[in-house]
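> Here's my sequence, what's the structure:
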Amino acid sequence: MTPHTTTGLTRPAATTAPPGPEAQAAAAPVETGAVASSTGTEVSAPAGMDAASADRTGTEVPAPPGTGVPAKASAPAGPRPVRAGSAGSARSAGSAGSAARSAALAVGRALRAVAVRSAAVLALIVLWETAPRAGLVDATFLPPISEVAVAWWELLGDGQLAEHARASLVRSFGGFGIAVAAAVPLGLLIGWYRPLADLLNPLLEVFRNTAALALLPVFVLLLGIGETSKVSIVVYACLWPVLLNTISAVRNADPTLVKLARSMDLSTLRLFQKVILPASVPVIFTGIRLAGAVSILVLVAAEMIGAKAGLGYLINASQFNFAIPQMYAGIITISAIGVAFNQLLVTLERRLSLWRVPTNG
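You can find the predicted model right below:
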C-alpha cells in the first residue's frame with residue numbers, strides 16, 4: 001500500500017468499510033436555523049465557534065450522532081419586523097378615527113349654537129301656547145299659537161297667503177333695490193368730495209328727520225293710490241339709512257391706510273377702489289340691512305291705508321272681519337320674511353368682506 005501524507009506526517013492508510021447510515025447522518029451538514037429532533041438533544045457548534053456565533057453567522061452545525069435526524073441551529077431571538085402595509089393601515093385607521101371625532105365635535109358645537117339661539121324663540125312659543133289656555137290672557141284676542149298655525153296653513157292651502165305675500169314682496173324689493181342703487185353711489189360721491197357734502201348737508205338733515213309715513217298722503221295725492229305711490233314711499237324710506245351710512249363709511253376710512261396708499265403714489269381712482277371702497281363695505285351693509293327692515297315695515301303700513309292685495313291688506317281685512325287667527329298668521333309671515341331677508345343680506349356681506357380679520361381671532 002502507498003503511504004498517505006497529511007500535514008507533513010506519514011502514516012499507513014487503512015482500508016475502512018463504507019460508512020453506515022448513522023455515520024452518514026452524523027457527518028451530513030445541516031442548515032442553519034433548524035432545531036434538534038424530538039429527542040431534545042442539544043446541538044453543539046463546531047470547534048472554535050460558540051453557539052451564539054454559529055447562530056449569528058449561519059454556520060452549519062452537525063447533529064450529534066445517534067439522533068438520526070439532522071438539526072439546525074436556532075436563529076437568534078429579536079424583534080419581528082413590521083410590514084409597511086400594516087403600518088399604513090394603522091395610520092389610516094388612526095386618521096379616520098381623528099376625522100370622525102372632529103366631525104362629531106363640530107356637529108355638537110353646531111347643535112349647541114342652534115339650541116342657544118333658539119331658546120328664546122322656543123320660550124316665546126311655549127308662553128304663547130300656554131298663556132291663553134291657562135286663562136292668563138283672553139283667548140279671543142290672543143289665540144294659542146296652534147290655532148294660528150292652523151289658520152296659516154289654511155291660508156297657504158287656498159292660495160291667499162301666496163298671493164298677498166307675492167304682492168308685498170314685489171313692492172318691497174322693488175323699492176328697496178331702487179333705493180340701494182341710488183343711495184350707494186350718491187353716498188360715495190358725497191362722502192369723498194367735501195364741498196359737495198357741505199352743499200347738500202342741510203337738505204339731507206331736513207329730509208332724514210321727516211318720517212316716511214308722514215309723507216304718505218303727499219305721495220298718494222301726487223302719484224295716486226296705485227302701485228307707484230307704494231313703491232315710492234318704500235324708496236323714500238330706504239334711501240336715508242343707506243345714504244347716511246355710506247357717507248359715514250367713506251369719511252371714517254382708516255387714515256393710516258389712506259396715508260400708506262398715498263405714499264405708494266396711487267392715483268385717486270386706485271386709492272378709492274383699493275382702500276376706500278373695501279373699507280366702507282361693512283358700514284354700507286349695516287345701512288342696507290336697516291333699509292331692508294324699513295322696506296317691509298313701511299310697505300305694510302302703506303298697504304293698510306290703500307291696497308287691494310298684500311300682507312298689510314290681509315292683516316287689516318282680518319281685523320275688520322274679526323278673523324284673529326288669520327291676522328296673526330299675516331303678522332308671523334311678515335316676521336319670517338324680514339328674518340330671511342336679513343340673513344340673506346348678512347350672507348352677502350360676509351361674501352364681500354372676506355378680507356376682514358375675525359374679531360374673535
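> show me where pLDDT drops low in the stretch 251-361 of the chain?
354-361 (pLDDT under 70).
> ok, which stretches of it are helices?
Using DSSP state H, counting those that start in this stretch, the helices of the stretch 251-361 of the chain run over 255-263, 268-271, 277-305, 311-320, 324-352.
> what's the third one packed up against?
Okay, so that is helix 277-305. Secondary-structure packing of helix 277-305 (3 or more C-beta pairs under 8 Å, 6 or more residues apart in numbering; DSSP states H and E): helix 160-192, helix 216-223, helix 227-251, helix 311-320, helix 324-352. The way it works is simple: take the backbone N, C-alpha and C, and place the C-beta from them, glycine included.
> go with 6 Å
helix 160-192, helix 227-251, helix 311-320, helix 324-352 (3 or more C-beta pairs under 6 Å, 6 or more residues apart in numbering; DSSP states H and E).
> From the contact counts, what lies against the longest one?
In terms of contacts (3+ C-beta pairs under 6 Å, 6+ apart), helix 160-192 is packed against helix 227-251, helix 277-305, helix 311-320.
> what angle separates the shortest one from helix 324-352?
It stands for helix 311-320. Here helix 311-320 runs at 160 degrees with respect to helix 324-352, directions being taken by axes from the mean of the first three to the mean of the last three C-alpha atoms, to 10 degrees.
> contacts for helix 311-320?
Residues outside helix 311-320 that contact it (C-beta atoms under 6 Å, 6 or more residues apart in numbering) are 164, 168, 300, 303-304, 307, 326-327, 330, 334.
> Could I get those in CSV, plus columns for neighbour count?
Listed next are those as CSV, based on neighbours: other C-beta atoms under 10 Å:
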residue, neighbour count
His164, 23
Ser168, 28
Val300, 22
Glu303, 24
Met304, 17
Ala307, 24
Gln326, 22
Met327, 21
Gly330, 29
Ile334, 20
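> Make a markdown table from the residues you listed and add distance to Gly187 to it.
Listed next are those as a markdown table, based on distance: C-beta to C-beta, whole Å:
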| residue | distance to Gly187 |
| --- | --- |
| His164 | 34 |
| Ser168 | 27 |
| Val300 | 26 |
| Glu303 | 29 |
| Met304 | 31 |
| Ala307 | 31 |
| Gln326 | 41 |
| Met327 | 38 |
| Gly330 | 34 |
| Ile334 | 28 |
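> CA atoms only for stretch 239-255, dumped as PDB, please.
Coordinates of each C-alpha in stretch 239-255 appear next as PDB, following Å, rounded to 0.1, in the frame of the first residue of the first chain:
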ATOM      1  CA  LEU A 239     -82.900 105.800   0.900                       C
ATOM      2  CA  TRP A 240     -81.800 107.500   4.100                       C
ATOM      3  CA  PRO A 241     -80.300 104.600   6.100                       C
ATOM      4  CA  VAL A 242     -78.200 103.500   3.100                       C
ATOM      5  CA  LEU A 243     -77.200 107.100   2.100                       C
ATOM      6  CA  LEU A 244     -76.100 108.200   5.500                       C
ATOM      7  CA  ASN A 245     -74.200 105.000   6.400                       C
ATOM      8  CA  THR A 246     -72.400 105.200   3.100                       C
ATOM      9  CA  ILE A 247     -71.300 108.800   3.700                       C
ATOM     10  CA  SER A 248     -70.200 108.000   7.200                       C
ATOM     11  CA  ALA A 249     -68.200 104.900   5.900                       C
ATOM     12  CA  VAL A 250     -66.300 107.000   3.400                       C
ATOM     13  CA  ARG A 251     -65.500 109.800   5.800                       C
ATOM     14  CA  ASN A 252     -64.400 107.400   8.600                       C
ATOM     15  CA  ALA A 253     -62.000 105.300   6.500                       C
ATOM     16  CA  ASP A 254     -58.800 104.400   8.300                       C
ATOM     17  CA  PRO A 255     -56.400 107.400   7.800                       C
END
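> Show me which positions of that stretch end up buried.
Judged by neighbour count (16 or more other C-beta atoms under 10 Å), stretch 239-255 contains these buried residues: 239-250, 253.
> how distant is it from the center of its chain?
31 Å (C-alpha atoms, centre = their mean, to the nearest Å).
> follow-up on the earlier one: have a look at the buried residues of stretch 239-255 and tell me the least confident one.
Lowest pLDDT within the buried residues of stretch 239-255 is found at Ala253 (79).
> and it, what does it touch?
Counted by C-beta under 6 Å, 6+ apart, Ala253 has contacts 276, 279.
> All set, thanks.
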